[in-house]
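> Fold the following for me, if possible:
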Amino acid sequence: MFFSLLMFLTAEPAAWEKVTTTDGVTVEQRPVADSKFVELRFTTTTDKTPELLCAAVFGDGKFDKDEPSLKSREVLSETADTRITHDEIAPPLVNLRDYVVKAHWAMEGSACRMTFEATDELAPPLAAGWIRVTKVRGYWLFEPVEGKTRLTYVVFSDPGGAIPPFLAEGSRRSLGVKWVKMIESRGKKQP
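Here you go, the predicted model:
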C-alpha cells in the first residue's frame, strides 16, 4: 500500500497532446488525475518583453469589461507581488459562477511567471443562485527566446455544477485563446 501511494504522489503528469492552433496560439491538453476535465496549455511567441507581458497579466486588479465573462471583481487583499480577488463570472450556457483567486508574480532570471490558484482565504459568503468554483489553478510564463518572448498560459479549472466536459472544453479552449490574445494586446499598450 505504501509503495502504491508513493508511486501516485511521485507520478509524472501525463504528456501534452496538441488539440489545435488558432490565431497563432497552439492549444494542448492533458488529463488530470481524479478529474473529468483536462488541463490546458496555450503557447505563442510575441515581440513584447517578459516584463511588459507580466505587468499586463498582473494588471491593476480593477474590473475590466473586456475580460471574457467577467461581471464583477473585488480586490480583497494586495501587495506589490500578490493579489487576492473575488470575481463573479457569467460563462456562456451555464449558471453564474464566482471564485476567489490568489495571484502571485515573480521574475525568474530574465523570465517572468505569474501563478494563480483558487483559495478560500478571505472568500465572501456564496450568494444565492451562484456556484463557487473551487478548482482553478495555473500560471502564465513569459520567457525570452531568440529575440522574442515565448508566452505560455497553463490552466486547470473545474467549473463545478453538473456541466459535462464535452460542453465545457470547447468553451474553455476558445476562452483561453481570447485570454492569450488579450494579454498580448495589453502588453502592446504598455509604455
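
> where does the protein dip in pLDDT?
Low-confidence regions of the chain, defined here as pLDDT under 70, cover residues 1-11, 93, 166-167, 189-191.

> What are the boundaries of the strands in the chain?
17-22, 25-31, 38-46, 70-78, 82-89, 97-108, 111-118, 131-132, 135-145, 148-158 (DSSP state E).

> Who are the packing partners of the fifth one?
Contacts defined by 3 or more C-beta pairs under 8 Å, 6 or more residues apart in numbering; DSSP states H and E place strand 82-89 against strand 70-78, strand 97-108. For the C-beta atoms, the positions are set from N, CA and C on the backbone; glycine is no exception.

> mind checking which of those is nearest Lys48?
If you check each of these against Lys48 by C-beta to C-beta, strand 97-108 wins as the nearest, at 15.4 Å.

> tell me what the closest one is packed against?
The elements that strand 97-108 packs onto, with contact taken as 3+ C-beta pairs under 8 Å, 6+ apart, are helix 50-58, strand 82-89, strand 111-118, strand 131-132.

> which residues sit against the longest helix anywhere in the chain?
Here the longest helix in the chain is taken by residue count, with DSSP state H as the criterion, and it is helix 165-189. Surrounding helix 165-189, the residues in contact under the criterion C-beta atoms under 8 Å, 6 or more residues apart in numbering are 19-20, 22-23, 25, 27, 29, 36-38, 40, 42, 44, 46, 48-49, 52-53, 55-57, 59, 66-69, 91-93, 140, 151, 153, 155, 157, 159.
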